[in-house]
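Participant: from the sequence below, what's the structure:
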Amino acid sequence: MSETATAGRLEGRLIALGITGSIAAYKAPELVRLLQAEGAEVVALMSPSATRFVAPLTLAALTRHAVDDDVLALLPDGRIGHIVVADSADAVVVAPATAHWLAAMAIGLAGDVVTATCLATGAPVVVAPAMDGEMYAHPATQANVTRLRDDFGYALVEPEVGPLASGSSDMGRLASLPAIVDAVVASVEDRPVRSPDPASRPPLTTMPREADLSGRHLIVTTGGTAEPIDPVRVLTNRSSGRMGVAVAEAALDRGARVTLIAASVSVPLPDRALIIRTESVAQMRSAVLGNLAAADGTAAFDALIMAAAVGDFRPARPAETKIPRSEALSLDLESTPDILAEVSRVVGGRDTGDGPGAAPAGPALEPRPVLVGFAAETGSLDRASDKLRRKGLDLLVANDVAEAGSGFGTDTNRVTILAPGAAPEAWPLLTKREVADRLLDVVARRLDARDSARQTAESVSSQRDPEETRR
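Facilitator: Here you go, the predicted model:
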């Protein structure tokens, strides 16, 4: 890549990487990384022979997309895989391109997903050949290269002189990966993003994660609370519960035991979790506080992820009978309890036990759990830092629900992660499952660090001189 290149030149783009059966296919994972470093979303297409040089699972893990290596394959929703790629990719880059592929492409044979996608797409195509020197120099190969470049308008990234698999050193070595990336950037720089809607692109897949939460107990809250106005009407919010359910499912997939405290939701709840249904803030508060401590006073959970949209207000005096229709209705609202702030006080041994139904004061819970809050804001995240400090949290996940793709009821989210003593970390627009997995990566690391520090302290304590200990 040129020294003047800047990161993000492919931000928001979908790039299809076609891989054919050359030994240079082993470089494909690194090419994926370089394209992603420029901001691209990458989907891999493989000819049958390419799968013998690099494992499809490797590329699936890197791209978070299922690898398309079968021209007849359908996506889970019934769409034709290579047609979806052809219609939504901003560019198709074939690297490495073998002599066989060049010949097939030159005459329009759609025998594999790479040629089929190139035939079906209106996106620019970048081709980086790689083969033996004499093979590349052959008039047949050169004629095919010329046709692809001059007749089809494909951008050719010429191979380099260097050591080849045959043992010779000649023209035919795959061009440098930065040069290929530069060619992809040049092919799209004057074009708008073809398909910015994630739903029009190949779906992301959930790759298996390490069971790094095995033996952990996570409490997750989800959904929107509802406060009665009268026996018929409620004061509620727009939460669907998708984010909390995504966190619960991701934690279960990583081996955790999950207690899911759910208010009003519009998505199915995972049957592998212990589910506690609630409606009002008071019911959710009771359920959360009732699961904090074990019988011996130790912490009964390892992390609380408070993804529920807990209402800030409730009617001060709910009517006991249905309020008749009238021209106007005034509601006297009062603030609801701040569940997460109260949990933080209980965990830290700072709770006073004041107020009716409050948790009794007691010692700090050990081992100390990780507390994660969510903050739904509009227009700005300026208040998030104060919420993190005031509530005494380890992590705060803040998002602007007025932003497209980041509000209630969507399958995606764009969040910023805040932690005490650290700069805010803004994540790109991701699916809610991806947000959940990334968030649990952070939680898992914090729990491992907590346990490591605890073990170190216990080890140091046990190694003290007995005489010193008696003093």
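
Participant: does anything pack onto the longest helix along the chain? Which helices or strands?
Facilitator: Counting residues, the longest helix found in the chain (DSSP state H) is helix 432-462. In terms of contacts (3 or more CB pairs under 8 Å, 6 or more residues apart in numbering; DSSP states H and E), helix 432-462 is packed against helix 242-253, strand 303-306, strand 370-377, strand 395-400, strand 412-413, strand 415-418. Every C-beta, even on glycine, is put in place using the N, C-alpha and C of the backbone.

Participant: how far off centre is the third one?
Facilitator: Chain-centre distance of strand 370-377: 17 Å, with CA atoms, centre = their mean, to the nearest Å.

Participant: hmm, who's touching it?
Facilitator: 243, 302-309, 340, 343-344, 347, 381, 383-384, 387-388, 391-401, 408, 439, 443, 446-447, 450 (CB atoms under 8 Å, 6 or more residues apart in numbering).

Participant: show me which of those are buried.
Facilitator: 243, 302-309, 340, 343-344, 347, 381, 384, 387-388, 391-401, 408, 439, 443, 446-447, 450 (16 or more other CB atoms under 10 Å).

Participant: show me the helices in the stretch 101-250 of the chain, by range?
Facilitator: 113-120, 133-137, 139-146, 177-188, 242-253 (DSSP state H, counting those that start in this stretch).

Participant: for the record, mean pLDDT for the third one?
Facilitator: When the per-residue pLDDT values of helix 139-146 are averaged, the result is 97.

Participant: same deal with the first one?
Facilitator: The average pLDDT within helix 113-120 is 97.

Participant: buried residues, stretch 235-250. List them.
Facilitator: 235-237, 239-250.

Participant: any idea which of those residues is the one closest to residue 187?
Facilitator: residue 246 (35.2 Å; CB to CB).

Participant: surely the closest one and residue 436 touch.
Facilitator: Yes: using CB atoms under 8 Å, residue 246 is in contact with residue 436, at 4.2 Å.

Participant: what's the overlap in contacts for these two?
Facilitator: Counting by CB under 8 Å, 6+ apart, nothing touches both residue 246 and residue 436.

Participant: residue contacts, the closest residue to residue 319 other than its chain neighbours?
Facilitator: Leaving aside its sequence neighbours, residue 319 sits nearest to residue 230 (CB to CB, 6 or more residues apart in numbering; 3.9 Å). By CB under 8 Å, 6+ apart, the contact list for residue 230 reads 318, 319, 320, 321, 322, 323.

Participant: can you rerun that using 6 Å?
Facilitator: The contact partners of residue 230, taken as CB atoms under 6 Å, 6 or more residues apart in numbering, are 319, 322, 323.

Participant: pick the one among the residues you listed closest to residue 282.
Facilitator: Using CB to CB, the contacts of residue 230 come closest to residue 282 at residue 319, 17.4 Å.

Participant: can you report phi and psi for the closest one?
Facilitator: When read as degrees, to the nearest 10, the backbone of residue 319 gives phi -70, psi 140.

Participant: circling back: the residue nearest to residue 319 and residue 323, how far apart?
Facilitator: Taking CB to CB, to the nearest Å as the measure, residue 230 falls 5 Å from residue 323.

Participant: please apply the same query to residue 150.
Facilitator: Relative to residue 323, and taking CB to CB, residue 150 is found at 77 Å.

Participant: the two: who's more crowded?
Facilitator: The neighbour count for residue 150 versus residue 323, taken as other CB atoms under 10 Å, is higher for residue 323 (14 against 10).

Participant: using the three-state scheme, assign that one.
Facilitator: Assigned with DSSP: H, G, I helix; E, B strand; the rest coil, residue 323 falls in the coil class.

Participant: check it and give its pLDDT.
Facilitator: For residue 323, the predicted pLDDT is 88.

Participant: I'd like the numbering to begin with 29 instead of 1 from here.
Facilitator: From this message on, residue numbering opens at 29, which makes the last subject residue 351.

Participant: what's the burial count for residue 260?
Facilitator: 10.

Participant: contacts only, for the nearest residue to it once chain neighbours are set aside.
Facilitator: In space, and not counting its chain neighbours, residue 260 is closest to residue 350: 4.9 Å by CB to CB, 6+ apart. Each residue near residue 350 by CB under 6 Å, 6+ apart is listed here: 258, 259, 260.

Participant: any chance of those in TSV, plus distance to residue 310 and pLDDT?
Facilitator: Below are these laid out as TSV (distance: CB to CB, whole Å; pLDDT from 0 to 100):
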residue	distance to residue 310	pLDDT
258	17	92
259	17	92
260	19	92
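
Participant: which one of the residues you listed is nearest to residue 160?
Facilitator: residue 260 (78.9 Å).

Participant: look up how far residue 349 lies from that closest one.
Facilitator: In terms of CB to CB, residue 260 sits 9 Å off from residue 349.

Participant: my read is that residue 251 contacts residue 291, right?
Facilitator: Yes: Residue 251 lies in contact with residue 291 (CB atoms under 6 Å); the separation is 3.7 Å.

Participant: and for residue 196, the neighbour number?
Facilitator: Neighbours of residue 196 (other CB under 10 Å): 11.

Participant: cool, residue 165 as well?
Facilitator: Using other CB under 10 Å, residue 165 has 13 other residues around it.

Participant: any idea how far residue 187 is from it?
Facilitator: 11 Å.

Participant: which stretches of the protein have low pLDDT?
Facilitator: For the chain, the stretches with pLDDT under 70 are 29-35, 234-237, 355, 381-389, 492-499.

Participant: domain parsing for the protein?
Facilitator: 42-228, 245-348+359-488 (automatic domain parsing).

Participant: chain center to the longest one, what's the gap?
Facilitator: What it means is domain 245-348+359-488. With CA atoms, centre = their mean as the basis, the mean position of domain 245-348+359-488 lies at 19 Å from the chain mean.
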